[in-house]
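Chemist: take a look and give me a structure for this.
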Amino acid sequence: MLSYSSTAFQGQNSYRLFICVLTVSDRILLRDIKALTLYYDRYTTSRRLDPIPQLKCVGGTAGCDSYTPKVIQCQNRGWDGYDVQWECKTDLDVAYKFGKTVVSCEGYESSEDQYVLRGSCGLEYQLDYTELGLKKLRESGKEHGFNSFSNYYNKLYSPESCNLSGVVTIVVLLAIAFGVYKFFLSDGHESPPPYSEYPPYSDRYQRFTNSAGPPPAGFKSEFTGMFS
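Modeler: Below you'll find the predicted structure:
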């Protein structure tokens, strides 16, 4: 009976030790995690909070509908005393690149706990266009996925808009200069008629209109006036 009780007690202790090992294995120090492999169609494990998608796009210049990475791996690049510095990579199309990336894990006891629940880490990322992606987008004439700031910036600083603004500026300056000339130099008068070698009241003009000349001698001027 005594030996039976001792065996039962030892078995109970072993069971408790096994449960303890299982519990401790789910608790891991955040900075000890060397790498994370995350999938777009899987959810995180959870203990205190609800599970979340392992991968979640949260915007960017390319938007979330243009391309969806299937698997992303994040490497632990160091500890800054407060958080792990993660570098996340995947086989992206050459037209896209990652913008801002944020890895979050569930603290084991609280949100401030440096120990986290194993398998609870997820990634939120922004997807941006590369220079090649922007070039292809402009050539295709499609601008879905661009935010309003990007559209405004590209249009404002494009070579075409710069050339057009320069031409408009020159035209405006010429118009102002012409207005100043008309107002100050022409003094509000109309331009003089074209120059004529024979003004209307010159002697030659008079001689031409009176080409008959004076009456011959012996005639009175009264009579010559009657036949003129």
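
Chemist: dump the residue contacts of S104.
Modeler: Contact analysis of S104 by Cβ atoms under 8 Å, 6 or more residues apart in numbering lists 121-122, 124. Bear in mind the C-beta positions are built from the backbone N, C-alpha and C, glycine included.

Chemist: now with 10 Å?
Modeler: Shown in contact with S104 (Cβ atoms under 10 Å, 6 or more residues apart in numbering): 44, 52, 56, 111, 116, 120-124.

Chemist: any regions of this protein where pLDDT drops low?
Modeler: In the predicted model of the chain, residues 1-24, 142-167, 184-228 satisfy pLDDT under 70.

Chemist: in it, which spans are helices?
Modeler: Under the criterion DSSP state H, helices of the chain are mapped to 2-25, 131-140, 148-156, 159-180, 203-209, 221-227.

Chemist: so what's V102 bridging to?
Modeler: E124 (DSSP bridges).

Chemist: hang on, it packs against Q85?
Modeler: No: applying Cβ atoms under 10 Å, one finds V102 not in contact with Q85, separated by 11.8 Å.

Chemist: count the neighbours of L174 for me.
Modeler: 10 (other Cβ atoms under 10 Å).

Chemist: list the contacts for G133?
Modeler: G133 sits in contact with 61-62, 66-67, 93-97, 145, where contact means Cβ under 10 Å, 6+ apart.

Chemist: switch to 6 Å and redo it
Modeler: Residues near G133 by Cβ atoms under 6 Å, 6 or more residues apart in numbering: A95.

Chemist: okay, it and I72: tell me how far apart.
Modeler: Distance, G133 to I72, by Cβ to Cβ, to the nearest Å: 18 Å.

Chemist: what lies in contact with stretch 110-124?
Modeler: Residues contacting stretch 110-124 (Cβ under 6 Å, 6+ apart): 26-30, 36, 38, 44-45, 47, 52, 54-56, 58, 102-108.

Chemist: recalculate using a threshold of 8 Å.
Modeler: The contact list for stretch 110-124, computed with Cβ under 8 Å, 6+ apart, reads 25-31, 33, 36, 38, 44-47, 52-58, 72, 74, 88, 101-109.

Chemist: what of stretch 61-81?
Modeler: Residues contacting stretch 61-81 (Cβ under 8 Å, 6+ apart): 31, 33-41, 55, 57-58, 84-93, 95-96, 99, 101, 103, 123, 125, 127-129, 133, 144-147, 150.

Chemist: quick revisit: show me the contacts of S104 that map onto strands.
Modeler: Cross-referencing those against strands under DSSP state E gives 56, 116, 122-124.

Chemist: whichever of the residues you listed end up buried, select them in PyMOL.
Modeler: To isolate the buried members of these in PyMOL, using 16 or more other Cβ atoms under 10 Å:
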select buried, resi 116+122+123+124
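
Chemist: now, the most widely separated pair of the ones in strands among the contacts of S104?
Modeler: Largest separation among those by Cβ to Cβ: K56 and V116, giving 17.9 Å.

Chemist: list the buried ones in stretch 58-72?
Modeler: For stretch 58-72, a neighbour-count test (16+ other Cβ under 10 Å) marks 59-63, 66, 69, 72 as buried.
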